Structures are given as structure tokens and as C-alpha cells.
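Trainee: just a sequence and a predicted model for now, questions to come.
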Amino acid sequence: MFYLRQLSNYNFCIHHGDTNAAIMHLWHEGVSGRGGNEIASCILKTMMNEVPRKQSMNMWSDNCCGQNKNKMIMFLWIYLVAKGIFSQVNHKFLISGRSFLNCDRDFALIEKRKRVTRCNTQKDLIEMICSTRTVQTYQVVIMNPEDFYDFKLASESCINTTKLKMSKVHWIQVNSDCPGKIKIKQTFSELEEWQTVNVLKKGVTMEKIKNFKLPQ
């Protein structure tokens, strides 16, 4: 039974709204799991290498607390702003039952292709994903053990997100004009006033976060 069991492979998709390109991050369960550390590490790798430099970035995701809506992702946004990669990051969370992501369409195409393709190894999966879309093919990035960082340890060392009450938040903004603070809204309305929460722990500065060495 052990040798008949299939190895779980994880695929994290980042879909660029500007170019309609999609990057698939692949790794298997022997490399790492599929929690907040892994998601933040995939985003960091793409933001540092693939995304054209812009002043502001808008990110959409679902409400999964274990992967997208947690202090690890919050630390990542503060870290990217502190490093000067972006001056502003807006992270918006979908409202259940009312919206969907372009990533969902990408995954649906891959699943449709997989039903008529035999995949025995990770290499087969990569070839299958690359052949799913003939126009603007999907880019596959293999995540290695050294690509994953311990964002949980980093966030626990630097920030406190208790006051954010993230379960009720639908819009989070990190801005270089408000160092160490996160702005939140419970709706997408432009009329709703921002609530500002200081999340940095005592003694922690943006300069410290800028020079923070992420633990692997």
C-alpha cells in the first residue's frame, strides 16, 4: 500500500492581471507542506524575479486563513514595502459565493487536460501543464527546499496582528507613507474610512525589517 500511494504534488498559481500570464509553482510533499510559509515563499520568489516594478500592487485571493489570510502574508507585505519593492500593497479577499479568481479558470483547464493525460512523475505534470494552453502557455517554476522560508518565525519576531481581527477584514493596505502600520476595511467601499493598526512589536522598526534575514 505504501508503494502504491501517489505522491502529493502542490501547485500554487499566480495570475498576472496586466498580462494574463500565469505562473505555476510546483513542489511535492517530500519538499514541503502547503501552509502559509509555502504560499508566502512562492509569492516572494515571483515578486522578486518576475513582476515588473510598479509603485502599487493589487493582490486578490480567497479567504483561506491557513494560506492567504494570516500574519505570515501580512509580514510579507510589510517586508516588500520595507525593501522598496512596492510603495503600496493592496490585498483584497473575495466575498464567498459572489466572485471568483482567474486562477480558478487556470486550474479548471489543467484538470480538464489531466483527465486525458497519464502523469507518472513530476516531469510528466510539468509537460502536461505547459501543454494545457497553446496561446501564452503557463510558466512552471519548480520550488526547491532552499526557496522556502519560515515566515511564521519571522512574523512572530516582528509583528502582532491580534488587533487586525483578520476574519472580518476584506481589504488590507500596507503603505510606505505609514511605516509599520496596516490599514484595513471590512468592505470594498471607497466611502468606508480606513482603520489604521500599528502591528510592529516594541523595539522593531522598518529598518530592522528591511535588513531582516529570512530564516529557512
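Mentor: That came in fine, so what should we check first?

Trainee: C-alpha from now on. contacts and neighbour counts both.
Mentor: OK.

Trainee: so what's Val174 up against?
Mentor: 77-78, 81, 88-90, 181-183 (C-alpha atoms under 8 Å, 6 or more residues apart in numbering).

Trainee: ok, now with 7 Å
Mentor: 77-78, 88-90, 181-183 (C-alpha atoms under 7 Å, 6 or more residues apart in numbering).

Trainee: pLDDT score for Val51?
Mentor: Looking at Val51, its pLDDT reads 64.

Trainee: if we can go back for a sec, can you pick the most crowded of the contacts of Val174?
Mentor: Using other C-alpha atoms under 10 Å as the neighbour criterion, Ile78 leads the contacts of Val174 with 29 neighbours.

Trainee: what sits closest to that one if chain neighbours are left out?
Mentor: Val174 (6.5 Å; C-alpha to C-alpha, 6 or more residues apart in numbering).

Trainee: which SS state does the one you found fall under?
Mentor: strand (DSSP: H, G, I helix; E, B strand; the rest coil).

Trainee: go on, Ile43?
Mentor: Strictly by three-state DSSP, Ile43 counts as helix.

Trainee: now do it against Met1, distance only.
Mentor: Look at Ile43 and Met1: by C-alpha to C-alpha, to the nearest Å, they are 36 Å apart.

Trainee: quick check: end-to-end length of stretch 145-156?
Mentor: Note: stretch 145-156 ends 22 Å apart using C-alpha to C-alpha.

Trainee: pLDDT on it, on average?
Mentor: Mean predicted confidence for stretch 145-156 is 95.

Trainee: swap in stretch 68-77?
Mentor: Stretch 68-77 comes out at a mean pLDDT of 94.

Trainee: follow-up on the earlier one: out of Ile43 and Met1, which sits in the busier spot?
Mentor: Taking neighbours as other C-alpha under 10 Å, Ile43 and Met1 compare with Ile43 leading, 16 against 5.

Trainee: thank you, goodbye.
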